[in-house]
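1. no sequence on this one, just coordinates:
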């Protein structure tokens with residue numbers, strides 16, 4: 001079975017470099033359910049398709065969304081319509097992108113969202 005090198009990112013943890021089997025069951029095991037693929041520049045972020053519905057812990061802010069539950073990043077083999085190993089450069093880049101600062105940034109965004117909801121609820125009660 002072919003293996004691919006990827007970065008595995010759990011809530012409140014730093015990215016971990018792992019090798020996984022290049023098959024659907026391995027992907028589903030990492031994200032704990034059905035997969036959803038999100039293209040990020042030159043890589044693919046693979047997360048749980050029902051992470052928020054299943055109340056998985058919020059993990060990382062990716063700008064336009066906050067990913068719930070664990071996810072991993074693989075290379076995009078767009079020519080074959082498949083995934084491939086991350087390059088060493090991609091690993092370093094995404095370890096930085098999803099490092100400690102991203103945990104803090106995500107927490108701040110969640111706090112802001114919760115505060116705005118609380119304010120809206122208070123205004124509706126008036």
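-> Structure's in. What do you need? Remember, predicted model here, so these are calculated numbers, not experimental data.

2. okay, now residue 107: neighbour count?
-> Residues contacting residue 107 under the criterion other Cβ atoms under 10 Å number 13. C-beta coordinates here come from the backbone N, C-alpha and C atoms, glycine included.

3. residue 100 versus that one, what's the distance?
-> According to Cβ to Cβ, to the nearest Å, residue 107 and residue 100 sit 11 Å apart.

4. got it, and residue 22?
-> Counting by Cβ to Cβ, the gap between residue 22 and residue 100 amounts to 30 Å.

5. please say which of the two ends up with more neighbours.
-> Set side by side, residue 22 and residue 100 give different neighbour counts by other Cβ under 10 Å, the larger being at residue 22 (17 against 9).

6. wouldn't the more buried one be in contact with residue 2 here?
-> Yes: with contacts defined as Cβ atoms under 8 Å, residue 22 counts as touching residue 2 at a distance of 4.5 Å.

7. leaving out sequence neighbours, find the closest residue to the most centrally placed residue in the chain.
-> Among the residues of the chain, residue 71 comes closest to the average C-alpha position under Cα atoms, centre = their mean, at 4.1 Å. Leaving out its chain neighbours, the residue that sits closest to residue 71 by Cβ to Cβ, 6 or more residues apart in numbering is residue 47, at 3.8 Å.
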